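# sequence plus predicted model, see below.
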Amino acid sequence: MWSALRHPNVLPLLGATMTGVQFIMVSEWMTNGNISEFVKAYPGADRIRLVGFPSEVLPSQFSSITAQLSQLNDVGVGLDYLHSQEMAHGDLKGVRL
């Protein structure tokens, strides 16, 4: 099913294979790694911007930061898309296992 998904907030499945008893799924390589690796490599990164959400859910007194707050919303939109496709998923993490 993953191979049929098309959404800007969901990585495409590039392939899958079995090695012994381990099933491996391959998606695009993320140059900056996961979010935990990124903030370790760039400790000065704006963490609020990295986990933001849209301005319409924040009271107007927070308008100065709302322009930066979109990426958490992107995760939610991608997750909503998965649910709309009746896709089962594991827990979402910012780290590779």
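Ah, there it is.
# pull the number of nearby residues for residue 36.
Neighbour count of residue 36, defined by other Cβ atoms under 10 Å: 12. Where C-beta positions appear, they are placed from N, C-alpha and C, glycine not excepted.
# with residue 26 instead?
Counted by other Cβ under 10 Å, the residues lying close to residue 26 total 12.
# wait, is it part of a helix?
No. Assignment of residue 26 by DSSP: H, G, I helix; E, B strand; the rest coil gives strand, placing it outside any helix.
# which residues touch it?
Taking Cβ atoms under 8 Å, 6 or more residues apart in numbering, we find residue 26 in contact with 13-17.
# how near is it to residue 77?
24 Å (Cβ to Cβ, to the nearest Å).
# all strands of the chain, in order?
Here the chain has its strands, by DSSP state E, at 13-19, 22-27.
# make CSV out of those and add distance to residue 46 and mean pLDDT.
As requested, the strands of the chain are exported to CSV (distance: least, Cβ to Cβ, whole Å; pLDDT from 0 to 100):
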stretch, distance to residue 46, mean pLDDT
strand 13-19, 31, 91
strand 22-27, 26, 89
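# adding distance to residue 2, write these out as CSV.
Shown next, in CSV, are the strands of the chain (distance: least, Cβ to Cβ, whole Å):
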stretch, distance to residue 2
strand 13-19, 4
strand 22-27, 7
